[in-house]
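>>> here is my input, please return the structure:
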Amino acid sequence: MRGSITFCIIGTGFAGTCALWHVVQRLTDPRRRPSLAPSAVTIVTVERGPVNGPGYPYAKDNVQLAHRCNNEASTMGIHGNDFVDWLAASKPWLIRDYPELVRETHPAVALSEWQPENGEFYPRALFGLYLEKRFQETVERARAQGIDVQQYVRHEAVDGYATEQGFALSLRSLDTDHEFTVDGIDRVLLSTGHWQSKTTDPLSGESGYVMAPYPPDAVKAAVAERIRLRRARGERPRVFVQGMGPSGIDAIMTLCGDGEFTYTDDGHIASYRPAVQAGEEPLHIIAGSRCGFFPPVRGPLVPYEPHHLTEERLAEIRRDHQGQLTIERILELLDKDLRRATEGAVGWNDVTNPGYHSAREKLASDLRDSYTGNLVHTIVLKARRMRFYHQLEPSDKATYDRLLDTHFIRTAVPMPSANAEKLLALMDAGILTTVRQGYDAPHTAVGEDGDFRITYRSDGGGQSTLRADCVIRAGGQDFSMENHPSPLVQNLLRRGEIVPHEEGGYVTGGIALDSRGGYRVMKRAGGGCVPSPHLTSYGSPVRFWQHEHNFAGAFVEAAEWVADAWLDVAAADTARSVAVDGPGLVTSETGS
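Numbers count the residues shown, from 1 in each chain. All right, here's what the predicted structure looks like:
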């Protein structure tokens, strides 16, 4: 039988698991809510995948050994330094059951001597294990304290609406198609992750076109036949990877997964040998993006505090512009900080237009000159974490979305040095080349022969075209909510339970949150919008999140906010029960 308070988490990847842990932590900590009976609480979780915890990005079917996290281990925990602590505590069984995940990151270290490192970039499969185990442990802890946890894996939420009893969700089993309703929910967290829209992709459905670089087995299957036919004609097959960020690197590693990287004695990448039959042409991979560069290779943040781009300066800009910020002034201050830190060597223009002839040259430079790169990485990341986007004028938001966020995210989100070494080895082996597509709407089309034609910028700046047998889309997300593929999102939009974020005539994409702060979703009411009494959200469904929160610590901060807000609801309900039924009822509930 359900408790008097019901919470629901839709999507149990990193965001949902983090929220569950913090909610249960507070519910079971007598120092925080001594009058609240855990047995009065029900927590419902809904997950499309077969396992709670990893979510889509870290699920075992969506990762390969070479797919790395793009954040350091010390920044990845659902609280504190928990990921590294878990690695240390789990060392015996990880070495026994998953030695390949340890060797991938520490190839030169004997397994018995391995110690987790704060600054290491571990395989995403290993982080997925961490999330799965933490989710299981949190559920066990909750149930041991009397909390009713109801888990629906391989289920999707298809509709949701407010009722007099709270909020109702329609769930559908992905295995049986059976639909049913869970009602009387007090609070719902929408933590449903990234999405891709087939309706806005003109190449969707074309043979040889892959919408996303995951799952890797599906990617390899999708390109295998076209590669075989090209080789049968005695020609070299070619695959174009559209996007050079973390997902693009994963796609490259997937395509090269059957080959072998060799290592030096001290654990660095020495070379790459493709897996081909005698007389067979090896695969040619071409990676392209607007800028034509991979993310930077970076280490830990350096001890630099911004001198020009400060909260005081942002306050001055707001005073001068009716409470809003202008991107021009922000970039001026950021440029001054970059030049101050690097003694004039690097400015904002060098971030947007790196002074390298090729992606290979930049990768090699990143590996050599780590200090200057870390300075730039630190300053740009700290600028992003100032969360200035939501205070920009609407026209500046449009400019930022179209032209600037790509530079912030490319500079702020680092790449493991091992990935850079692998990319260089692939280039040296003649397997990988790169192109710059430019910022004027890069174009990919299907030719009359069924092959793909990709436009790019030649070294001289002119427009050129290359042919590819297959294209893997590994970048870009359609933030338009009306194109979201989820039936739940479409029904919530139709009912007005959520609304797209819009201001000054500009629709940023993503769902709107309460502008006063926090993570309450806005809903339609009368002729306007008000905070929803039931729905909260953070992470991928919120466009602001994409621009201001690309680090795990922000998930922890948001999860703590949700946990505190939800417990306020539970405490208020307990207080009402005491007032209506008298203290004896509460005593009977908590006296077990």
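>>> residue ranges in the chain under the pLDDT threshold?
Counting by pLDDT under 70, the ranges of the chain that qualify are 1-3, 32-36, 195-200, 441-442, 476-478, 545-546, 549-550, 573-592.
>>> would you map out the domains in it?
Domain assignment for the chain by automatic domain parsing gives 5-196+481-586, 209-290+416-473, 311-412.
>>> in a markdown table, list those domains along with mean neighbour count.
Using the backbone N, CA and C atoms, a C-beta is placed for each residue, glycine as well. Listed next are the domains of the chain as a markdown table, based on neighbours: other C-beta atoms under 10 Å:
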| stretch | mean neighbour count |
| --- | --- |
| domain 5-196+481-586 | 19 |
| domain 209-290+416-473 | 18 |
| domain 311-412 | 17 |
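>>> helix, strand or coil: sort out the residue lying closest to residue 111 once chain neighbours are set aside for me.
Nearest residue to residue 111 in three dimensions, chain neighbours excluded: residue 95, at 4.8 Å (C-beta to C-beta, 6 or more residues apart in numbering). Secondary structure for residue 95, judged by DSSP: H, G, I helix; E, B strand; the rest coil, is helix.
>>> got the contact list for residue 95?
Contact partners of residue 95, counting by C-beta atoms under 8 Å, 6 or more residues apart in numbering, are 102, 111, 112, 114.
>>> you'd agree the last one is up against residue 106?
Yes: shown here, residue 114 and residue 106 form a contact pair, counting by C-beta atoms under 8 Å, at 5.5 Å.
>>> before we move on, back to that, for residue 202, which of the domains of the chain is the nearest?
Ranking those by their distance to residue 202 (criterion: C-beta to C-beta) puts domain 209-290+416-473 first, at 8.5 Å.
>>> any idea how far the closest one is from the middle of the chain?
Computed by C-alpha atoms, centre = their mean, to the nearest Å, the separation of domain 209-290+416-473 from the middle of its chain amounts to 23 Å.
>>> for the host helix or strand of residue 254, which outside residues touch it?
Residue 254 belongs to helix 246-255 when assigned by DSSP states H and E. Residues from elsewhere that reach helix 246-255 (C-beta under 8 Å, 6+ apart): 64, 66-67, 70, 212-214, 216, 219-220, 223, 239, 241-243, 283, 285, 287, 289, 294-295, 413, 415, 419, 422-423, 426, 432, 472, 474-475.
>>> stretch 553-563 too?
Around stretch 553-563, the neighbours that count as contacts under C-beta under 8 Å, 6+ apart are 14-15, 18-19, 21-23, 25-26, 75, 77-79, 189, 518-519, 536, 538-539, 545, 548-549.
>>> just the ones of the residues you listed in helices?
The helices, defined by DSSP state H, take in 14, 15, 18, 19, 21, 22, 23, 25, 26, 545, 548 from these.
>>> tell me who's in contact with the first one.
Spelled out, that is residue 14. 55, 57, 58, 78, 131, 552, 555.
>>> recalculate using a threshold of 6 Å.
Contacts for residue 14 (C-beta atoms under 6 Å, 6 or more residues apart in numbering) come out as residue 55.
>>> can I get the contacts of residue 95 in a markdown table with secondary structure and distance to residue 379?
Conversion of those to a markdown table gives the following (DSSP: H, G, I helix; E, B strand; the rest coil; distance: C-beta to C-beta, whole Å):
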| residue | secondary structure | distance to residue 379 |
| --- | --- | --- |
| 102 | helix | 34 |
| 111 | helix | 39 |
| 112 | helix | 41 |
| 114 | coil | 34 |
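>>> between the ones in helices among the contacts of stretch 553-563, which is nearest residue 329?
Within those, the smallest distance to residue 329 is 17.6 Å, found for residue 548 (C-beta to C-beta).
>>> state the distance from the closest one to residue 412.
Going from residue 548 to residue 412 by C-beta to C-beta, to the nearest Å gives 11 Å.
>>> name the nearest residue to residue 23, ignoring sequence neighbours.
Spatial nearest neighbour of residue 23, chain neighbours left out: residue 563 (4.6 Å); criterion: C-beta to C-beta, 6+ apart.
>>> sec struct for that neighbour, please.
The local conformation at residue 563, judged by three-state DSSP, is helix.
>>> next, work out how far apart it and residue 554 are.
Counting by C-beta to C-beta, the gap from residue 563 to residue 554 is 15 Å.
>>> just residue 570 next, same as before
Noted for residue 570: a distance of 25 Å to residue 554, by C-beta to C-beta.
>>> what do you get for residue 404?
According to C-beta to C-beta, residue 404 stands 20 Å off from residue 554.
>>> how about residue 411?
Distance of residue 411 to residue 554, given as C-beta to C-beta: 18 Å.
>>> check residue 346 too.
In terms of C-beta to C-beta, residue 346 sits 26 Å off from residue 554.
>>> same thing with residue 264?
Taking C-beta to C-beta as the measure, residue 264 falls 37 Å from residue 554.
>>> ranges for the strands of the stretch 401-550 of the chain?
For the stretch 401-550 of the chain, applying DSSP state E, counting those that start in this stretch gives strands covering 432-436, 444-446, 452-457, 463-468, 470-473, 500-503, 506-511, 520-525, 528-537.
>>> next, format those as TSV and append distance to residue 179.
Shown next, in TSV, are these (distance: least, C-beta to C-beta, whole Å):
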stretch	distance to residue 179
strand 432-436	47
strand 444-446	38
strand 452-457	40
strand 463-468	42
strand 470-473	32
strand 500-503	27
strand 506-511	24
strand 520-525	24
strand 528-537	20
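>>> adding distance to residue 300, write the domains of the chain out as JSON lines.
Formatted as JSON lines, the domains of the chain follow (distance: least, C-beta to C-beta, whole Å):
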{"stretch": "domain 5-196+481-586", "distance to residue 300": "5"}
{"stretch": "domain 209-290+416-473", "distance to residue 300": "12"}
{"stretch": "domain 311-412", "distance to residue 300": "7"}
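>>> which of those sits closest to residue 304?
Using C-beta to C-beta, the nearest of the domains of the chain to residue 304 is domain 311-412, at 5.4 Å.
>>> how far off centre is the closest one?
Between the centre of domain 311-412 and the centre of its chain there are 21 Å (C-alpha atoms, centre = their mean).
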